[in-house]
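Peer 1: Show me the folded form of this:
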Amino acid sequence: MSEDKKPEWVDLNNQEGFASSLKPGVELAASHNKASKNKFVKKHNVKISIPELKEGIIKGERAKLAKGITLVESNAPHHFDLAQELLHSILPHTGNSLRIGISGVPGAGKSTFIETFGTYLCDRGYMVAVLAVDPSSSINGGSILGDKTRMEELARNPRAFIRPSPSEGTLGGVHRKTRETMLLCEAAGFDVILIETVGVGQSEAIVRSMVDFFMLLVLTGAGDELQGMKKGIMELVDGIVVNKADGENIPLAIRTKSEYSRILHFLQPATKGWAGKAYTCSAVTGKGIPELWDVLQEFSDTTKESGVFQERRRMQSKEWLYSLIDHQLKTMFYKNETVKGLLPVLENQVMSGNKTVTTAVQQAFQSFTDTFKSN
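Peer 2: Numbering: from 1, shown residues only. Below you'll find the predicted structure:
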């Protein structure tokens, strides 16, 4: 190939006006290609020591904590028993943190707020864990946004731990193993656990079922936003934070705060004995962040004194039990060989109008239960 060869789409009458040219590539030797193929070898059957993992997590070792979270998030069947063994072993060291769920409308600045708020807590001597749940890629199931890259300052803080996890399409945008991840973080000594969720909607009730305080971040300008805000999410929150209350936006933020406080006044409190209110802050300047932490501490003290805090934790464990039962039954149903063979047939019959949906469902479940009777 000549050194001045131009791409084929270049105007032939004006080749001199195009500075770039094609160059020949580098040809690798066959031995080099063979070596490259063998360079990266995935290790299989690596033995995981649960006692060693537990000891490292309790000591606060980040590498061990990350490895433990990866273990409980794993969908591999051979990891399930190991993950449960690890969780059972660390249970006595859990339950000592304040769990805070943070949701909000798109553009409300959730990640910026968490970085400012988390840094403030770290500076005050607290250990902060952030479970940032990212939307999942529909192609490979991985995280799309990468919250860790959007919280650079907090990620560098030695008293903070950030764990982005793909939502995997889970209702509410919370990874189905988030509860177990929280237990591992508590065992590692973290005082405050922040859970950032994907978005806003009635499905975010799942967040309410795993945190102590549920916070909603909103933008200034109540008008159209109030119309679009679903009542369901408003009934779940313990507090609403109007973010970006800085500069010329302060008067509008105060007015928005009043609007939300008025709405919360007419709604039934999400937590017994605690009247939800709206607050203002600026994640950029840090104004309002100390006052917000004072509110959270007051919430913790008030609910613990009344017993509501402990009762909610017990009820959350009960809800978790039934949630896992539902998940297990669903998994067993769709993995059943008889069901997998029958479903395509039922789909065609329903879509062609030869069978009602209810009848098809009954037939599918009858086939599913019959497999247990035959055994």
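
Peer 1: So for residue 322, what's the pLDDT?
Peer 2: The predicted local distance difference test score for residue 322 is 88.

Peer 1: And it, how close does it get to residue 365?
Peer 2: In this view, residue 322 and residue 365 are 19 Å apart by CB to CB, to the nearest Å. To be clear about C-beta, it is placed using only N, CA and C from the backbone, and glycine gets the same treatment.

Peer 1: Next: residue 240.
Peer 2: Look at residue 240 and residue 365: by CB to CB, they are 43 Å apart.

Peer 1: When the two are compared, which one has more neighbours?
Peer 2: residue 240 (24 against 12; other CB atoms under 10 Å).

Peer 1: Am I right that that one is in contact with residue 270?
Peer 2: No - under the criterion of CB atoms under 8 Å, residue 240 lies out of contact with residue 270, with a separation of 11.1 Å.

Peer 1: Overlap in contacts, those two.
Peer 2: Contact criterion CB atoms under 8 Å, 6 or more residues apart in numbering; residues bridging residue 240 and residue 270 by contacting each: residue 276.

Peer 1: now the helices: where do they sit in the stretch 251-375 of the chain?
Peer 2: Ranges of helices within the stretch 251-375 of the chain are 289-306, 308-335, 337-351, 357-374, based on DSSP state H, counting those that start in this stretch.

Peer 1: Just the CA atoms of the shortest one, as CSV, please.
Peer 2: What follows is helix 337-351, C-alpha atoms only, in CSV (Å, rounded to 0.1, in the frame of the first residue of the first chain):
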residue,chain,number,x,y,z
GLU,A,337,-38.9,-28.5,32.1
THR,A,338,-42.6,-29.4,31.6
VAL,A,339,-43.6,-25.7,31.9
LYS,A,340,-40.8,-24.6,29.4
GLY,A,341,-42.2,-27.1,26.9
LEU,A,342,-45.8,-26.1,27.4
LEU,A,343,-45.6,-22.3,27.5
PRO,A,344,-44.9,-21.8,23.7
VAL,A,345,-47.9,-24.0,22.9
LEU,A,346,-50.2,-22.0,25.3
GLU,A,347,-48.8,-18.7,23.9
ASN,A,348,-49.9,-19.6,20.4
GLN,A,349,-53.3,-20.8,21.5
VAL,A,350,-53.9,-17.6,23.4
MET,A,351,-52.6,-15.3,20.6
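
Peer 1: Just the buried residues of it, please?
Peer 2: For helix 337-351, the buried set under the neighbour-count rule, 16 or more other CB atoms under 10 Å, comprises 339, 342-343, 346, 349-350.

Peer 1: I'd like the mean pLDDT over stretch 103-115, please.
Peer 2: In this model, stretch 103-115 has an average pLDDT of 85.

Peer 1: For it, buried residues please.
Peer 2: 103-105, 108-115.

Peer 1: Out of those, which two sit at the greatest distance?
Peer 2: 105 and 115 (18.3 Å; CB to CB).

Peer 1: can you pull the contacts of residue 269?
Peer 2: Contacts of residue 269 by CB under 8 Å, 6+ apart are 275-276.

Peer 1: pLDDT score assigned to it?
Peer 2: Predicted confidence (pLDDT) at residue 269: the value is 89.

Peer 1: Over to the one 10 residues further on?
Peer 2: Looking at residue 279, its pLDDT reads 94.

Peer 1: Contact partners for it?
Peer 2: Applying CB under 8 Å, 6+ apart, one finds that residue 279 lies in contact with 239-242, 257, 288, 291-292, 295.

Peer 1: Just the buried subset of those, please.
Peer 2: Taking 16+ other CB under 10 Å as the criterion, what is buried in these is 239-242, 257, 288, 292, 295.

Peer 1: Apart from its neighbours in sequence, what residue is nearest residue 196?
Peer 2: On the basis of CB to CB, 6 or more residues apart in numbering, the spatially nearest residue to residue 196 that is not a chain neighbour turns out to be residue 132, at 4.6 Å.
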